[in-house]
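Undergrad: 3D, please:
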Amino acid sequence: MCLIARYLEAHGIPTLCLGSALDILEAGKPPRAAFVDYPLGHSAGKPFDLADQEDIVHRALTGFEDIKAPGGAITMLKNTWGDGLWRAEASSTEGSDTRQPRDTTPQFQFAEDRAAAMAKERIAPLKAN
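TA: Just a heads-up that it's a prediction; the model follows:
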């Protein structure tokens with residue numbers, strides 16, 4: 001994201017990166033950035049909380065006014081997630097593996113693709129339950 005932002009800026013298109021991983025924003029050095037201290041994957045706000053999402057996007061976009069020239073400035077947004085329990089969970093190495101067992105059945109987007117693979121004997125026909 002940061003590399004793309006720098007490329008676009010070099011070609012005259014202003015950019016602003018919004019992120020929740022401060023170390024990545026600092027290392028990537030985007031021309032302009034806004035950091036929100038939320039769990040990864042939630043940079044644009046809490047799920048289903050339209051007011052929070054709109055506030056974050058509005059605050060982030062003020063970076064175009066506040067940061068006059070590209071140069072790696074990062075605006076620290078004051079939004080808070082609420083409790084800090086997510087921090088302990090995110091940094092824990094004690095978590096359990098929540099992945100599902102791997103499905104080894106070949107997957108196809110379209111029935112025609114499955115039929116073509118079966119016709120070429122690339123896969124076996126599906127077993128009836």
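Undergrad: pull out the buried positions in the top helix by length along the chain.
TA: Longest helix in the chain by number of residues (criterion: DSSP state H): helix 50-61. Residues 52, 55, 56, 59, 60 are the ones in helix 50-61 that count as buried (16 or more other Cβ atoms under 10 Å). All C-beta spots, glycine's among them, are computed from the backbone N, C-alpha and C.
Undergrad: and stretch 69-85, by the same measure?
TA: 70, 73, 74, 75, 77, 81.
Undergrad: would you list the residues you listed in a markdown table and tack on pLDDT, secondary structure and distance to residue 45?
TA: As requested, the buried residues of stretch 69-85 are exported to a markdown table (pLDDT from 0 to 100; DSSP: H, G, I helix; E, B strand; the rest coil; distance: Cβ to Cβ, whole Å):
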| residue | pLDDT | secondary structure | distance to residue 45 |
| --- | --- | --- | --- |
| 70 | 76 | coil | 25 |
| 73 | 86 | strand | 22 |
| 74 | 93 | strand | 18 |
| 75 | 93 | strand | 16 |
| 77 | 95 | coil | 10 |
| 81 | 89 | coil | 10 |
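Undergrad: any chance of the residues you listed in CSV with distance to residue 40 as columns?
TA: What follows is these, written out as CSV (distance: Cβ to Cβ, whole Å):
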residue, distance to residue 40
70, 25
73, 22
74, 17
75, 19
77, 15
81, 12
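Undergrad: hmm, back to that, return the distance of the longest helix of the chain from the chain's centre.
TA: 16 Å (Cα atoms, centre = their mean, to the nearest Å).
Undergrad: tell me the helices and strands packed up against the helix or strand of the chain with the lowest mean pLDDT.
TA: Lowest by mean pLDDT, DSSP states H and E among the helices and strands of the chain is helix 85-91, with a mean of 71. Contact partners of helix 85-91 among helices and strands, from 3 or more Cβ pairs under 8 Å, 6 or more residues apart in numbering; DSSP states H and E: none.
Undergrad: just checking, next helix/strand downstream of it?
TA: Counting by DSSP states H and E, the next helix or strand C-terminal to helix 85-91 is helix 111-119.
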